[in-house]
Structure formats: C-alpha cells, structure tokens
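In: build the 3D model from these lines:
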Amino acid sequence: MKALSFLALLSITFSCSQTQENFSTLANLPKKLKEASACEISKASPLIWTIEDNHNHNILFGFNEKGELIKSITITNVENNDWEDLTSDDQGNIYIGDFGNNDNERQNLAIYKINAADLNKDQAKAESIVQFYYPEQTEFPPKKKDRIFDVESFFIYDNKFYLFTKNRSSKFDGTTVLYEVDNNSTQKLPAKKIGSFLTCEQFNNCAVTSADISPNKDKVAILSSDKIWIFTNWKGNNFLSGNVEKIELNHHTQKEGVCFKDENTILMTDEGSKKSSGNLYQLKLK
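Out: Residues are numbered from 1 along each chain as shown. From the prediction side, this is the model:
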C-alpha cells in the first residue's frame, strides 16, 4: 500500500487554491432528509437525486435546487444495507452503491441499477444487481490497522464502476484506493485495484465521502468534509494520476454527496442534525 501510494504521488502535479467567494449555499434540503449521503444528476430527469445510508429506508429521493422534495421512489426488491453514493450513465439510468462498510465486515457488497424510465414512478425494482468483493481482503473484519475496505464514493465510466475507498484504519494516513468493478451482474466479481492517492492525515478533514466525473469526462472530483480534489489529465483509467487541484472550501460539515451540474459547477449535499436537515451547496470552478 505504501509503495503504491508513493508511486502515485510521483506521477501527480499539485496545485492548490483557496475559495470562499465561489462556494455558496443554495438551499436547505427537504426536512424528510436527515442523512443525505449522495448527490447525482441524471440525464433523464431535471431533479437532483439522493439517498440515505444504513438504518434508513430503501428510497431514492429527487429534489430541486430550491430544496423541495419532488419525488420519492421506493426500491422494492433490495434492502438498504448501507447505501452510500449514486452515479448515472449516459442513458440516465441511476446506480445505487450499497457498499458502505464501516466495520469492514460485509461480504454482500452490491451496486443496483434503477432504470431511467422508472424515475417518474413511486415504486421501482433494481433492474440488475452487481455483486463484488476485494481480493486483498481475507478477514471480516480485518485487524483495525488494515481496515481500508469501506467505500462511500463511486462513478460509472465506459460501463465500469470506479470506487474510492474511505480509509478507516487505526493508522489513518489519508490514503484512498481506486478500484474498478465491471458492470456485469452475472457473477460475483473481484474489484481490481487501479491506483491510490494521499489526501491528508486528518480523518475528519480528509476521508473521502463522494466522487463524480464531469459531463465531458475530463474532470474527476472527490469530496471530504471541507475539501474537494479535482483530477485532470490522468493516464488510462487511473483517475488519481495526472494533475490535481485541492480546493479548500473553508466550510466544515458532514458533506457526503458531490456531483457535476456542468463542467464548471459542482453541487454538494451534507447530512443534517436531529433538529434540522442538511444543505445543498454549489461550487463554481475557476
């Protein structure tokens, strides 16, 4: 792991910018959403889509930029073990990442496809289910120093899923590992390790909570509670190689959802508290 991280760092050109004027709050999230854990825009819908994570209902929520809840779709044939992120393909189909794994003990990791044609319904079934595992994990759970198999972030690109781990090891050093999973629902698939990246060494500021790829497929964003990293000019399918810009949001909350509205506009969501819902935020890239 350390060798892989070092090699990844050698191939990255860093730049850094501070932002306050380009970051703004657009709206409060719907009151029904206390634990929004994703943010996604589908080509088949004008809405912003989100989900809630473990211990919540198996519902896909759609809301607008005013924070008004427009759609709630119950997914009837799967459970919410720990839904953590959303992505969508070029046809507008939405995929739910059921791969939250805080204790690194799950062996039922999955991704559910929701057909674009079902986004106007009140109920829908997952059209397909992709099951996968990490070949490097042999204990469930592993020792605390080896708990690097939680994921809250992914996107789809060229009909493959790309997942970014949320490092929960007792020796947190900021490493996130990029895995590739084929969009194939016929068998349980091994996730393929592609690369890694060092964010920073403070878990509360540097653990990766969501990811997205831009509409033109030339920018990748990964999110933490108060930072965004933008990757460009990567090599092959290692999105963590090439150039990276770290953007300090100067705004710390439990941000868990990120998506590109367009090439230069990023939307984010965060979890709320017992008394209030979270918010929808916007970041304009320079």
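
In: pLDDT score assigned to the nearest residue to Glu180 once chain neighbours are set aside?
Out: In this structure, Glu180 finds its nearest non-sequential neighbour in Lys192, 4.5 Å apart by C-beta to C-beta, 6 or more residues apart in numbering. (Each C-beta comes from the backbone N, C-alpha and C, glycine too.) For Lys192, the pLDDT comes out at 98.

In: do the same with Asn238
Out: Value for Asn238, per-residue pLDDT: 98.

In: report how many residues lie close to it.
Out: 18 (other C-beta atoms under 10 Å).

In: and it, how far is that from Gln91?
Out: From Asn238 across to Gln91, the span is 26 Å (C-beta to C-beta, to the nearest Å).

In: how far away is Phe61 from Ile94?
Out: Per C-beta to C-beta, Phe61 is found 11 Å from Ile94.

In: check Leu285 too.
Out: Distance from Leu285 to Ile94, by C-beta to C-beta: 24 Å.

In: the two: who's more crowded?
Out: Ile94 (28 against 19).

In: beta partners for that one?
Out: Here Ile94 sits in beta bridges with Ser88, Ile114, going by DSSP bridges.

In: returning to what we had before: okay, and the common contacts of Phe61 and Ile94?
Out: With contacts defined as C-beta atoms under 8 Å, 6 or more residues apart in numbering, the residues shared by Phe61 and Ile94 are Trp49.

In: next, the nearest residue to Ala126 once chain neighbours are set aside: secondary structure please.
Out: The shortest distance from Ala126 to any non-neighbouring residue, by C-beta to C-beta, 6+ apart, is to Tyr112 (3.8 Å). Assigned by DSSP: H, G, I helix; E, B strand; the rest coil, the conformation of Tyr112 is strand.

In: now do Lys32
Out: Lys32 - assigned by three-state DSSP - is coil.

In: what's the answer for Val78, then?
Out: coil.

In: so how far is Ile114 from it?
Out: Val78 is 10 Å from Ile114, by C-beta to C-beta.

In: and those two? Which one has more around it.
Out: Taking Val78 and Ile114 together and counting by other C-beta under 10 Å, Ile114 has the greater number of neighbours (26 against 16).

In: distance of that one from Ser88?
Out: For Ile114 relative to Ser88 (C-beta to C-beta), the value is 9 Å.

In: residues shared between the contacts of those two?
Out: The contact lists of Ile114 and Ser88 share 94-95, where a contact means C-beta under 8 Å, 6+ apart.

In: before we move on, the earlier item: joint contacts of Val78 and Ile114?
Out: 96, 126.

In: just confirm Asn204 is within a strand.
Out: No. Using three-state DSSP, the assignment for Asn204 is helix, not a strand.

In: burial measure for the closest residue in space to Leu26 that isn't next to it in sequence, as a count.
Out: The shortest distance from Leu26 to any non-neighbouring residue, by C-beta to C-beta, 6+ apart, is to Leu280 (4.6 Å). Close neighbours of Leu280, defined as other C-beta under 10 Å, add up to 26.

In: stretch 272-279: which residues count as buried?
Out: 272, 277-279 (16 or more other C-beta atoms under 10 Å).

In: need the contact list for the residue lying closest to Phe63 once chain neighbours are set aside.
Out: In space, Phe63 comes closest to Leu69 once its chain neighbours are excluded; the distance is 5.0 Å by C-beta to C-beta, 6+ apart. Leu69 makes contact with 30, 32-33, 61-63, according to C-beta under 8 Å, 6+ apart.

In: please tell me how far Leu69 sits from Ile59.
Out: Relative to Ile59, Leu69 is positioned 11 Å away (C-beta to C-beta).

In: for Ile228, same thing?
Out: As judged by C-beta to C-beta, Ile228 and Ile59 stand 27 Å apart.

In: which one of those two has more residues nearby?
Out: Neighbour count, other C-beta under 10 Å: between Ile228 and Ile59, Ile228 has more, with 22 against 18.
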